[in-house]
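>>> give me coordinates for this.
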Amino acid sequence: MADGTKEVVGTSVADDEAAPAGAAGDTPAEGPAAESPAEATAPLSAAEIAAELTSRKAAPAAAEPAEPAEPAADPADEAADPEPAEEAPDQDAPAGDPPVEDEDFDPAATLDQPTGELPLLRPAPDRHSGDRIADRYRLEECITQSEFFSSWRAVDEKLRRAVGVHLLAAGHQRARGVLAAAKSAALLGDPRFVQVLDAVQEGDHVYVIREWLPGAADLAQLLADGPLEPYDAYQMARQVTEAIAAAHRRGQAHLRLTPRCVLRTESGQYRINGIAVDAALRGLPDDDAALTDTRAIGALLYAALTHRWPFPEDRYDLQGLPKNLGCVPPDQVRAGVHKGLSEIAARALCEHPPHHQDPITTPEDLAKALALMPKIRQPELPPPTFAPPPPRPQPQHPARPQQTGPAAEPPTLVTTGPRRPGPSRPRLRRLVRVTASVVALAAIGVASWQLVSILNKQTDKGVDGHQPTPSESSTATPAAPPGKAVPIAGALSFNALGDQPEHKDETQLAYDGNPATSWQTAGYYQDLGGAYKAGTGLLVDLGSVQQVGSVQVQLVGSTKIELRAAPEGTTAAPAVSKAGLDSFGSAVAAETGSTVELKPGKPLSTRYLLLWLTGVPKDVSDEQYRGKIAEVKVTG
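Predicted structure coming up:
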């Protein structure tokens, strides 16, 4: 799906390995692996094998179906079972594909139970597109289908928004754990995690409702074209680590952090999917949760830097490392890797990091190590190029005759008949004199026309007699007189405090003369102007230095907006960065409202204006904060 959120419960235990406690090159607990047309399924970790064997040998059929059975054996003992059941792989289904089979249960696993005894499990509820649950959510598309649970994209008909739905039979032995995990995740209240909106047992069904993020892309999609830039890899690792560390301080853990769970929104912020719920759906144990999540973040950073999966198996469309390679830092796998990030990835992923460095074993320590790193600069974006304004129509004048050279001689007629005698000598002299007179008259006419043109140009210069320089005559746009409209040559999304432009293809809607269309920012889960983000804006190019008396802005909803101006001598658009924002200096005018007039204390001369939004309204359609500029008019 385009939103990148379908993988919350969309893969089986075989889809992601829990990072082993040893080195990156250590081989996980051996187990048979099934082959898939899309990817090879890696061997399961000891923790995942233990969880699956525990769930399959849990309780006989004589127990009451509504009560999940207690594990019959210790997971560590079960992990040593010499004959673990073979796991079927999971496929990541794109939008529109058939449901993905995620087989967490192998019927062969019941052969070692006494005759007539079956595990206390319930199949996934049989649902179809168009079904409604809780008289509110309409199922639209099945994203993942396993034997015991399914995931759907649905519509909340009450709030008219898209949501994600996970369905599980109430008689399943993991149902209680899923409900408890979902409710605890909902109480987390951290906007860096995909929010759990509801978790209810209704009749024979348990359903978990989660937030849906349209337009978000998961880390696996971001790595499709190659590794991330050092700045982007650092931002991903820092934001994910700080979020996971905050969750651990509140007693929460993820336990199944994979590239499918890390989503980047349109505003460049990273959100984490499946906190606690993914592990509960698959029955993963929470032993040493801090180390498990730290190793997982180390694997994410390793993949982002090298474009390789740091284990021998191929996963998430990434090639695995060679077997028996051991734990090597990323800069030994790929040239040009940032040295500091390479060391941190190795310390977080490896039990015995290279160069006798201390391993990092908790998200809190990993966050501190990232904070102590020297600042990684954001790559400078190329200066924006604005399309020149369309040429103004010029009045059409009748073409004046202009003699550019001697008249062409008429073609000579070639005849095959007898040759006629030529003109006599006196007649030839008269012909030459007439021709010379005509040429002289034509030259006099051309000279007179050119003289009149020169006199007209001198009149147009004005009484001061100022003659424009070649640069002025070729590039400068005549300044608008005071009180007259100043044309806008172009506009640019100026997201100086973010990682990428916001709706860069819609900036012309802010000055197209139609208030019904607008340029808008990305959606935010907190308002601008605070510690979350100071602001974002729209850069307006006037084409040349102009006298600006006021700027009228029509907005959608009450918005806090500032007007800033580049220095008069600025000839190129400032860089979209913190330094570029600082070059504008302080605001020359500020207003709040839906229709505002930003009027500086005195007229200013500039080419570039910055409309800086520091507070935006909340969009009721998706409960996100979003600014919209419908129309901008500049007057001299």
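>>> look up how far residue 262 lies from the nearest residue to residue 363 once chain neighbours are set aside.
Nearest non-adjacent residue to residue 363, counting by CB to CB, 6 or more residues apart in numbering: residue 245, 3.9 Å away. For glycine as for every other residue, the C-beta is placed from the backbone atoms N, C-alpha and C. Distance of residue 245 to residue 262, given as CB to CB, to the nearest Å: 15 Å.
>>> okay, the two: which has more neighbours?
Using other CB atoms under 10 Å as the criterion, residue 245 and residue 262 rank with residue 262 on top: 27 against 20.
>>> verify the contact between that one and residue 218 for me.
Yes. With contact defined as CB atoms under 8 Å, residue 262 reaches residue 218; the gap is 6.2 Å.
>>> now for these two: what residues contact both?
residue 273 (CB atoms under 8 Å, 6 or more residues apart in numbering).
>>> the one helix or strand residue 437 maps to - what's its average pLDDT?
Assessed by DSSP states H and E, residue 437 sits inside helix 425-460. Averaging pLDDT along helix 425-460 yields 70.
>>> for whichever strand or helix holds residue 208, packing partners?
Here residue 208 sits within strand 205-211, counting by DSSP H and E. In terms of contacts (3 or more CB pairs under 8 Å, 6 or more residues apart in numbering; DSSP states H and E), strand 205-211 is packed against strand 161-169, helix 175-186, strand 196-202.
>>> of those, which is nearest residue 505?
Comparison of the helices and strands packed on strand 205-211 against residue 505 by CB to CB identifies strand 161-169 as nearest, at 22.9 Å.
>>> the closest one pairs with which strands, parallel or anti?
Its sheet considered, strand 161-169 pairs with strand 149-156 (antiparallel), strand 205-211 (antiparallel) by DSSP bridges.
>>> by how many degrees do the first one and strand 196-202 diverge?
This points to strand 149-156. Taking axes from the mean of the first three to the mean of the last three CA atoms, to 10 degrees, strand 149-156 and strand 196-202 form an angle of 110 degrees between their directions.
>>> could you do the last one as well?
Here strand 205-211 runs at an angle of 170 degrees relative to strand 196-202 (the same axes, to 10 degrees).
>>> so who does the spatially closest residue to residue 349 that is not a sequence neighbour touch?
The shortest distance from residue 349 to any non-neighbouring residue, by CB to CB, 6+ apart, is to residue 298 (3.3 Å). By CB under 8 Å, 6+ apart, the contact set of residue 298 is 19, 310, 345, 346, 347, 348, 349, 350, 360, 366.
>>> using the three-state scheme, assign the fifth one.
Meaning residue 347. For residue 347, the assignment made with DSSP: H, G, I helix; E, B strand; the rest coil gives helix.
>>> any idea how far it is from residue 529?
Taken as CB to CB, the span from residue 347 to residue 529 is 37 Å.
>>> between these two, which is the more surrounded one?
residue 347 (22 against 14).
>>> and the closest residue to residue 631 other than its chain neighbours, what element?
Excluding the flanking residues, the one nearest residue 631 by CB to CB, 6+ apart is residue 554, at 4.2 Å. For residue 554, the host element (DSSP H and E) is strand 550-565.
>>> any buried residues in that strand, and which?
Within strand 550-565, the residues that count as buried by 16 or more other CB atoms under 10 Å are 550-551, 553-556, 559-565.
>>> CA atoms of it as CSV?
Provided in CSV are the C-alpha atoms of strand 550-565 (Å, rounded to 0.1, in the frame of the first residue of the first chain):
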residue,chain,number,x,y,z
SER,A,550,2.3,45.2,1.4
VAL,A,551,1.4,41.5,0.9
GLN,A,552,-2.2,40.3,1.0
VAL,A,553,-2.5,36.6,1.9
GLN,A,554,-5.7,34.6,1.8
LEU,A,555,-5.4,31.4,4.0
VAL,A,556,-7.7,28.4,4.8
GLY,A,557,-8.4,28.7,8.5
SER,A,558,-6.9,30.9,11.1
THR,A,559,-3.2,30.9,10.7
LYS,A,560,-0.2,32.6,12.3
ILE,A,561,2.0,34.0,9.5
GLU,A,562,5.1,36.2,9.3
LEU,A,563,6.6,38.2,6.4
ARG,A,564,10.3,38.1,6.0
ALA,A,565,12.4,39.6,3.2
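>>> just checking: what are the partner strands of it?
As defined by DSSP bridges, the strand partners of strand 550-565 come to strand 589-598 (antiparallel), strand 604-615 (antiparallel), strand 628-635 (antiparallel).
>>> and the ones you listed: which comes nearest residue 212?
Minimum separation from residue 212 across these (CB to CB) falls at strand 628-635, 21.7 Å.
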